[in-house]
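K.L.:
sequence first, predicted coordinates after that:
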Amino acid sequence: MAIRKSASAMTVVEQNTFIYVMNKLINAPDDPNSYGDIVGFHADMANTMHGSMGAVGVQRFLPWHRAYLLKIESMGKLIDPAFFIPYWNWPVAPQGIPAWLTAFLPTVKRVGANITVTRVPGAIAALPTVAQITTILANATYTGFTTALETGPHNAVHGWVGGTMASIMTAPADPLFWMHHAMVDRIWSQWQVTHAGLNPTLVAPNTIMQPWLDTELSLRVIATLGYSYT
């Protein structure tokens, strides 16, 4: 069982493992390499994984990104089994970009121009608050919950980081992307505990989280998927 810790609770060894593994993935041979390919999946609008892409995207946002996190985590564990994706707990001190990650600004190889990660973070006060998360967790329907989470904290944090993270076409090039989405996934997992049986409303073929074969049904329970959050 992989345990995804808060980025602020990681040991120095865990921090160094995360950076080492991400560097190995990002700098692997081939151009693009597997990391460049996985960044490209987020730029492919045919994957319909955001609410801005319509009603189907609203329903697919959370399960699609859960699968996405699992793919990169699995890739990393092949390099070091101790690797995990930490979550960036934006509303809890110490806020802002984790200090140990601020200098990690890699260049990702992809089809076309490579992406060198940049960030232009905003004021700390503009990050989501605990009260906002509490309000989102109180949503009684899946559609209400996922819409509030995506259009609220999810979008706000992407914009707050700025630079590479501010564009859907480039955001996953920044290692911070995975930590941001782990926090989004963690909030969903918390909501699921108190809202059993409330799931995305999808019909075939949209139940398959392309470009993979994972189904929405297979992605509902994180314990079944082999991970948990502290």
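P.N.:
Received, thanks.

K.L.:
how long is stretch 221-230 from one end to the other?
P.N.:
End-to-end distance of stretch 221-230 (C-alpha to C-alpha, to the nearest Å): 16 Å.

K.L.:
got the contact list for that stretch?
P.N.:
The contact list for stretch 221-230 (C-beta atoms under 8 Å, 6 or more residues apart in numbering) reads 1-6, 9, 66, 70, 73, 84, 87, 182, 185-186, 189, 192, 218-219. No exception for glycine: its C-beta is placed from N, CA and C like everyone else's.

K.L.:
now stretch 158-172: buried residues?
P.N.:
Using 16 or more other C-beta atoms under 10 Å as the test for burial, stretch 158-172 gives 158, 160, 161, 163, 164, 165, 166, 170, 171, 172.

K.L.:
restricted to strands, list the residues you listed.
P.N.:
If you go by DSSP state E, these have nothing in strands.

K.L.:
can I get these in JSON lines including distance to residue 199?
P.N.:
Formatted as JSON lines, the buried residues of stretch 158-172 follow (distance: C-beta to C-beta, whole Å):
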{"residue": "158", "distance to residue 199": "25"}
{"residue": "160", "distance to residue 199": "30"}
{"residue": "161", "distance to residue 199": "30"}
{"residue": "163", "distance to residue 199": "34"}
{"residue": "164", "distance to residue 199": "32"}
{"residue": "165", "distance to residue 199": "28"}
{"residue": "166", "distance to residue 199": "30"}
{"residue": "170", "distance to residue 199": "31"}
{"residue": "171", "distance to residue 199": "26"}
{"residue": "172", "distance to residue 199": "25"}
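
K.L.:
can you give me the neighbour number for residue 140?
P.N.:
Residues contacting residue 140 under the criterion other C-beta atoms under 10 Å number 8.

K.L.:
cool, residue 230 as well?
P.N.:
10.

K.L.:
good, wrapping up.
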